[in-house]
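Chemist: prediction below, plus the sequence it came from.
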Amino acid sequence: MLRLELNNLHPDRVGPYGFDLAAALAEHAGGLEAARNALWSRRMDPDEFLGWIEVPEDTETLREILRYRQANDWVEDLVVLGIGGSALGAQAVSAALGKGPVRLHFVDNVEPEPILELLRTLEPGKTLVNVISKSGSTAETMAAFLAFRKWLGDALGAGWKGHVVVTTDPAKGLLRPYAQAEGLVAFAVPPAVGGRFSVTCPVGTLPLAFVGVDLENLLAGARKANQTARDALDKNLPAQTALIQYLAAARGLNITVFMPYSTRLRFLPDWFVQLHDESLGKMVDRQGREVRVGTTAVRAIGTTDQHAQVQLFREGPHDKLITLVRLEHPSQDLEIPAVAGLEGLDYLFGKRFFDLLTAEAKATAHALAKAHQPNYTIALERLDAYHLGWLLQHLMWQTAFLGELWGINAFDQPGVELGKEYTYALMGRKGYERLAAELRAEGVG
């Protein structure tokens, strides 16, 4: 079960920064229903990049992933070469649910020292390298692949080919023909799925299979989120949270904080930040008119950031909406023991750690509301594959709904492209000579 706790959004709790969601749903019903209908009607159009809706139904690809995992039980270390959406989803899920015994490593930056340290540490004969790039031209990922390809070749000779698996576009780009020419195993990124929406396709499921994540239930949870995204508005959870985000922005709350109360979910905010910011920070709408919309997502972890960021959240500017994620049941628990001589802590004696975690989450939410800082909680019944898959897909739907409410394309990222082109020019890529000359004239490089 995934449910919403919304009391700390009401004007009775948070004053002028709040709203009555039931009334807001009635007021915005037309726009939300149009958004829901538009997203579902466009989902089969490959140009709309809504393929992530259909991915959880693809059980054949899941079976291929599981067969590949079973056939490669020699792997002790799996290195994921990917950046942004090619890494963050799998990193978030593996931290939450990964069981081993395979060790998962993510190379998502080009700082040389960590890469060298990893190359020195790993044993080539027991390492599988998963290079993930839809285009095959992502500079950071492909630079890392060139280094790992040489490392494997130097150690294993022609045997390096059994230690590389490719995840890329099914037909286009640089990696697909390379994989075919070299006889490498390759899995497809569906053409209509963008990187930040790709965690339930082989971008995420391949590495997650090696760390024992229950992929069948992960996808079942995602299908449950799809079901709720078709519901009437009073039951449509992603439409409701999208409306909350939309109304908060209209009240000048231009920062949206994502704060799960779980160490196991410590990488989920990183994934959410990319999903939200890259999808929704746009300067033009679908008609090409300048709009400059978007709110800035900020990561936080409870309880850790109660001792870091909550001071600002509670007593700083009224420019934030805080989303807390709280678990309703633990998978394991630990009693807090009584210790003689520390009777001043007797309020903890005999209680359980999960009781303390829950109390802290509820206390923080109430303390924020007392300071008129609006917040709401997404409560998960427990942290397992089904509920995490539901939450991931819910947040993707929330992003899609919010894009529709703002009238923007939530599935492109034009603001990222110019920086990529400048990088190509500075690194001397063919075809970018003119841009390189412009950069030199501007004192760059």
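Modeler: Thanks, I have the structure now.
Chemist: do you know how far residue 56 is from residue 98?
Modeler: Using Cβ to Cβ, to the nearest Å, residue 56 is found at 20 Å from residue 98. Placement of C-beta: from N, CA and C, glycine included.
Chemist: any idea which element residue 271 lies in?
Modeler: Element membership of residue 271, judged by DSSP states H and E, is helix 268-280.
Chemist: could you give the angle of the helix or strand hosting residue 94 to helix 268-280?
Modeler: According to DSSP H and E, residue 94 maps onto helix 88-97. Computed by axes from the mean of the first three to the mean of the last three Cα atoms, to 10 degrees, the angle separating helix 88-97 from helix 268-280 equals 160 degrees.
Chemist: pLDDT on stretch 165-184, on average?
Modeler: Stretch 165-184 carries an average pLDDT of 96.
Chemist: got a list of contacts for that stretch?
Modeler: By Cβ atoms under 8 Å, 6 or more residues apart in numbering, the residues outside stretch 165-184 that reach it are 68, 82, 86, 128-137, 142, 161, 164, 185-191, 202-203, 206.
Chemist: buried among the residues you listed? Need that as a selection in ChimeraX.
Modeler: The ChimeraX selection below is limited to those of those classed as buried (16 or more other Cβ atoms under 10 Å):
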select :68,82,86,128,129,130,131,132,133,134,135,136,142,161,164,185,186,187,188,189,190,202,203,206
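Chemist: so of the contacts of stretch 165-184, which ones are in helices?
Modeler: Among the contacts of stretch 165-184, the ones falling in helices (DSSP state H) are 68, 142, 202, 203, 206.
Chemist: from residue 160, how far off is the closest residue to the second one other than its chain neighbours?
Modeler: Leaving out its chain neighbours, the residue that sits closest to residue 142 by Cβ to Cβ, 6 or more residues apart in numbering is residue 133, at 6.5 Å. Plainly put, residue 133 is 18 Å away from residue 160 if you go by Cβ to Cβ.
Chemist: how about residue 311?
Modeler: 52 Å.
Chemist: between the two, tell me which one has more neighbours.
Modeler: residue 160 (20 against 11; other Cβ atoms under 10 Å).
Chemist: for the chain, what's the longest helix?
Modeler: Longest helix in the chain, counting by DSSP H: helix 385-406.
Chemist: after it, which helix or strand is next?
Modeler: From helix 385-406, the next helix or strand downstream (DSSP H and E) is helix 414-426.
Chemist: which elements pack onto that next one?
Modeler: Under the contact definition 3 or more Cβ pairs under 8 Å, 6 or more residues apart in numbering; DSSP states H and E, helix 414-426 sits against helix 139-156, helix 433-441.
Chemist: mind checking which helix or strand residue 3 is in?
Modeler: For residue 3, the host element (DSSP H and E) is strand 2-5.
Chemist: now find how far off-centre that strand is within its chain.
Modeler: Taking Cα atoms, centre = their mean, to the nearest Å, one finds the center of strand 2-5 at 19 Å from the center of the full chain.
Chemist: ok, residues contacting it?
Modeler: So strand 2-5 is contacted by 224-225, 237, 240-241, 365, 376-381, 387, 390-391, 394 (Cβ under 8 Å, 6+ apart).
Chemist: residues contacting the residue nearest in space to the middle of the chain?
Modeler: Using Cα atoms, centre = their mean, the residue of the chain that lies closest to the mean C-alpha position is residue 271, 2.7 Å off. Residue 271 makes contact with 88, 89, 91, 92, 196, 199, 392, according to Cβ under 8 Å, 6+ apart.
Chemist: need the strands for the stretch 151-300 of the chain, in chain order.
Modeler: 164-168, 185-188, 255-260, 282-284, 290-293, 296-299 (DSSP state E, counting those that start in this stretch).
Chemist: where does the stretch 1-150 of the chain dip in pLDDT?
Modeler: Applying pLDDT under 70 to the stretch 1-150 of the chain flags no residue at all.
Chemist: chain neighbours aside, what residue packs nearest to residue 299?
Modeler: residue 269 (3.4 Å).
Chemist: and the one you found, how far is that from residue 257?
Modeler: Going from residue 269 to residue 257 by Cβ to Cβ gives 9 Å.
Chemist: need the residues touching each of those two.
Modeler: 297, 299, 300.
Chemist: my guess is the last one contacts residue 256, does it?
Modeler: No. No contact is recorded between residue 300 and residue 256 when judged using Cβ atoms under 8 Å, the distance being 10.9 Å.
Chemist: so which of these two has more stuff around it?
Modeler: Ranked by neighbour count (other Cβ under 10 Å), residue 300 and residue 256 place residue 256 first, with 23 against 20.
Chemist: isn't that one right next to residue 276, touching?
Modeler: Yes. Counting by Cβ under 8 Å, residue 256 does reach residue 276; the two are 6.8 Å apart.
Chemist: so what sits against both of these two?
Modeler: 295, 297.
Chemist: buried deepest among the helices and strands packed on helix 414-426, which one?
Modeler: Mean neighbour counts were taken over the helices and strands packed on helix 414-426 using mean count of other Cβ atoms under 10 Å, and the top value, a mean of 18, falls to helix 139-156.
Chemist: before we move on, the earlier item: which of the ones in helices among the contacts of stretch 165-184 sits closest to residue 422?
Modeler: Here the nearest of the ones in helices among the contacts of stretch 165-184 to residue 422, counting by Cβ to Cβ, is residue 142; it sits at 17.0 Å.
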